[in-house]
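Novice: Okay, here's the prediction I keep looking at, along with the sequence it came from:
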Amino acid sequence: MARKFLYFVASMVVLLLAGAFVFQVYGDELMEVAFVPDTEFTAQEVLENNVYADTGMWLARPELVKGNPALWLPAGYEDSDEAFPEAKKAAVFFLHPTSFLKNNRWNAPLDDTESQARARIFLRGQASAFNAIGEIWAPRYRQATLGAFLTEKKEGQQALDAAYQDVLAAFDYFVAEIPSDQPIILAGHSQGSLHLTNLLKDRVAGTPLASRIVAAYVVGWPVSVETDIPEMGLDACEMPDQTGCIMAWQSFAEPADYERIVRVYDRTIGFNGQPRKDSKLLCSNPINGDVDSAAPANVNLGTLVPNDDLSEATLLAGSVPARCDERGFLLIGDPPEIGPYALPGNNYHVYDYSLFWANLRVDARRRMTAFPAR
């Protein structure tokens, strides 16, 4: 019982607080006091080149079977399709969102048990969407604390830059370790997706590696069609069987109020050096597998709905629609009853994956099936 209670408390806190970009927008003085460190930024020791050879540096990787959170499935769930052949599976590189909430330092230490436990919770509901078609690699990394997104202090960006160096080290090891002809799926959420956008720009664009990418799921982070996509090395996924492309969305129930998000976003500079102001966000429809489209609820194959103590989840089909609006936000109709953790403005950032979990499994399988033809 105590273990379930702790699981519930940890899950509830994370679901409320882990939306990095959102809390940059909604952060006020109270949140800054609570979450922004008042200490100086201290440069982290550079990880040794072979540190990610240690299986303990991964939350999930193929050798880890017992207790691997990425292998989780909802109670009673069985894939309707035949198992994807082991020899043809992709290698999935997954970056978890913010799970470090403390304000005593700018980056999470690798031995912080609370943030690591929360990261595992995220992998259960997010990375698990890919476990039928790929072997999932999810690195531990010294993530920036939540407060790094709530401040304009230079230390916030320094913390993100430091976290990204760990991500690069993990990715370089991942690429060197998998077979040279194995297809790759990249995926992340929130802070993880922020790092993923940079990784695409720095490690994939203009390299032979780009030809091995089945798809990149950059979920819960804004991506500009005009100023970011051209520098990220892949096109947007415009068709459900397209490969070598990017999927991205941010979920809002209606009426959606994302004015403050847009206000912050419009002050940023894109990867091509041009302002993102008034640029369109990439809005993938995870039900249809295309862009800027609409899908009724009855074609949603399954939304993860947690039980009261969040120890399990069931799959509910046909409950949530999806349509892209003109600016590029994904609207999901009336607020769904899948939990109490929606953010201000009917923002369902926390549920970006779980809203469309079953459709994402189908989407990844469809793209993997189409990949050999490419």
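Specialist: That came in fine, so what should we check first? Numbering: from 1, shown residues only.
Novice: Let me know how buried the nearest residue to residue 55 once chain neighbours are set aside is, in neighbour terms.
Specialist: Leaving aside its sequence neighbours, residue 55 sits nearest to residue 63 (Cβ to Cβ, 6 or more residues apart in numbering; 5.8 Å). C-beta coordinates here come from the backbone N, C-alpha and C atoms, glycine included. By the criterion of other Cβ atoms under 10 Å, residue 63 has 9 neighbours.
Novice: Could you pull out the buried residues of the helix or strand hosting residue 120?
Specialist: Residue 120 belongs to helix 113-125 when assigned by DSSP states H and E. Neighbour counts over helix 113-125 (16 or more other Cβ atoms under 10 Å) mark 114, 115, 116, 117, 118, 119, 120, 121, 122, 123, 124, 125 as buried.
Novice: now the strands for the stretch 1-150 of the chain?
Specialist: 58-60, 90-95, 134-139 (DSSP state E, counting those that start in this stretch).
Novice: Using a markdown table, lay out those together with distance to residue 150, mean pLDDT and mean neighbour count.
Specialist: A markdown table is the format used below for the strands of the stretch 1-150 of the chain (distance: least, Cβ to Cβ, whole Å; pLDDT from 0 to 100; neighbours: other Cβ atoms under 10 Å):
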| stretch | distance to residue 150 | mean pLDDT | mean neighbour count |
| --- | --- | --- | --- |
| strand 58-60 | 25 | 97 | 23 |
| strand 90-95 | 20 | 98 | 25 |
| strand 134-139 | 25 | 97 | 24 |
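Novice: Would you reformat the ones you listed as CSV and include distance to residue 47?
Specialist: Shown next, in CSV, are the strands of the stretch 1-150 of the chain (distance: least, Cβ to Cβ, whole Å):
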stretch, distance to residue 47
strand 58-60, 13
strand 90-95, 16
strand 134-139, 11
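Novice: Mind checking those strands for the one nearest to residue 36?
Specialist: Ranking those by proximity to residue 36 (Cβ to Cβ) places strand 90-95 first, at 22.8 Å.
Novice: can you dump the C-alpha coordinates of the closest one into CSV?
Specialist: What follows is strand 90-95, C-alpha atoms only, in CSV (Å, rounded to 0.1, in the frame of the first residue of the first chain):
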residue,chain,number,x,y,z
ALA,A,90,14.0,-0.5,-35.6
ALA,A,91,16.2,0.9,-32.9
VAL,A,92,14.2,3.5,-31.0
PHE,A,93,16.1,6.4,-29.3
PHE,A,94,13.7,7.9,-26.8
LEU,A,95,14.3,11.1,-24.6
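Novice: tell me which residues in stretch 236-255 are buried?
Specialist: 236-237, 242-253.
Novice: Report the separation between the two terminal residues of it.
Specialist: 27 Å (Cα to Cα, to the nearest Å).
Novice: circling back: mind giving me the packing neighbours of the helix holding residue 120?
Specialist: Using 3 or more Cβ pairs under 8 Å, 6 or more residues apart in numbering; DSSP states H and E as the contact criterion, the elements in contact with helix 113-125 are helix 2-17, strand 58-60.
Novice: Confidence-wise, which of these is weakest overall?
Specialist: Lowest mean pLDDT within these: helix 2-17, at a mean of 39.
Novice: where exactly do the strands run in the stretch 201-350 of the chain?
Specialist: So, for the stretch 201-350 of the chain - with DSSP E, counting those that start in this stretch - the strands run 213-219, 235-236, 245-247, 251-252, 284-285, 290-291, 294-295, 303-306, 313-316, 322-324, 330-331.
Novice: and the first one with strand 134-139, angle?
Specialist: Counting by axes from the mean of the first three to the mean of the last three Cα atoms, to 10 degrees, strand 213-219 points 50 degrees away from the direction of strand 134-139.
Novice: what's the spacing between strand 213-219 and its chain's center?
Specialist: 10 Å (Cα atoms, centre = their mean, to the nearest Å).
Novice: quick one: average confidence on that strand?
Specialist: Mean predicted lDDT for strand 213-219 stands at 98.
Novice: Identify all contacting residues around it.
Specialist: 90, 126, 183-189, 193, 196-197, 200, 204, 232, 234, 237, 243-249, 282, 352-353, 360, 363-364, 367-368, 371 (Cβ atoms under 8 Å, 6 or more residues apart in numbering).
Novice: Stretch 354-363 now?
Specialist: Taking Cβ under 8 Å, 6+ apart as the rule, stretch 354-363 contacts 79, 125-126, 128-130, 132-133, 215, 217, 240, 247, 251, 286-287, 289, 300-304, 313, 315, 317, 320, 322, 332, 336, 338, 348, 353.
Novice: Return the set of buried residues in it.
Specialist: Buried residues in stretch 354-363 (16+ other Cβ under 10 Å): 354, 355, 356, 357, 358, 359, 360, 361, 362, 363.
Novice: what pLDDT, on average, does that stretch get?
Specialist: So the average pLDDT for stretch 354-363 ends up being 97.
Novice: among the contacts of stretch 354-363, which ones are buried?
Specialist: 125-126, 128-130, 132-133, 215, 217, 247, 251, 286-287, 289, 300-304, 313, 315, 320, 322, 332, 336, 338, 348, 353.
Novice: Please tell me the pLDDT value assigned to the closest residue to residue 106 other than its chain neighbours.
Specialist: Residue nearest to residue 106 in three dimensions, not counting chain neighbours: residue 159, with 3.9 Å by Cβ to Cβ, 6+ apart. If you check residue 159, the pLDDT there is 92.
Novice: What of residue 80?
Specialist: pLDDT, read off for residue 80, is 79.
Novice: what's the answer for residue 19, then?
Specialist: Reported pLDDT for residue 19: 43.
Novice: Touching, residue 325 and residue 331? I think so.
Specialist: Yes. The pair residue 325 / residue 331 is scored as a contact, 5.7 Å apart, by Cβ atoms under 8 Å.
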